[in-house]
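Trainee: Kindly generate the corresponding structure for this input.
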Amino acid sequence: MLSIRLDHSVEHELSRLAQQKQTSKSKIIKEALTYYFEMMKAESKSKTPYELGAELFGQYGSQDGTLSTTYKEKLKEKLHAKNAH
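Mentor: Reported below is the predicted structural model:
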């Protein structure tokens, strides 16, 4: 058995819903918890941010696979070219 304390407004809304559905407050709370647990399971099985964007990564890139490794050299060249005159 479990006891919980609810804010007055939440308890009032729960009572109103139970009366409207002609069911008990306990049944509504059990259904809500079951729904919450299902949503948490689904969320944990959902794709990671990487998985969601994997098909987009590199799609609009420069097609130059060396940019991430040669950026320092490219920066030095640009700075030398700017300061060479």
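Trainee: Assign a three-state SS to residue 55, would you?
Mentor: coil (DSSP: H, G, I helix; E, B strand; the rest coil).
Trainee: Got the confidence number for it?
Mentor: Per-residue confidence (pLDDT) for residue 55: 84.
Trainee: Please tell me how far it sits from residue 81.
Mentor: 37 Å (Cβ to Cβ, to the nearest Å). (C-beta placed from N, C-alpha, C; glycine too.)
Trainee: Residue 20 now?
Mentor: In terms of Cβ to Cβ, residue 20 sits 75 Å off from residue 81.
Trainee: How about residue 58?
Mentor: Taken as Cβ to Cβ, the span from residue 58 to residue 81 is 28 Å.
Trainee: One more: residue 75?
Mentor: Taken as Cβ to Cβ, the span from residue 75 to residue 81 is 11 Å.
Trainee: Check residue 18 too.
Mentor: 76 Å.
Trainee: The two: which has the busier surroundings?
Mentor: residue 18 (16 against 9; other Cβ atoms under 10 Å).
Trainee: Tell me the helices and strands packed up against whichever strand or helix holds the more buried one.
Mentor: According to DSSP states H and E, residue 18 maps onto helix 8-21. When contacts are defined as 3 or more Cβ pairs under 8 Å, 6 or more residues apart in numbering; DSSP states H and E, helix 8-21 sits against helix 25-45.
Trainee: Much appreciated, bye for now.
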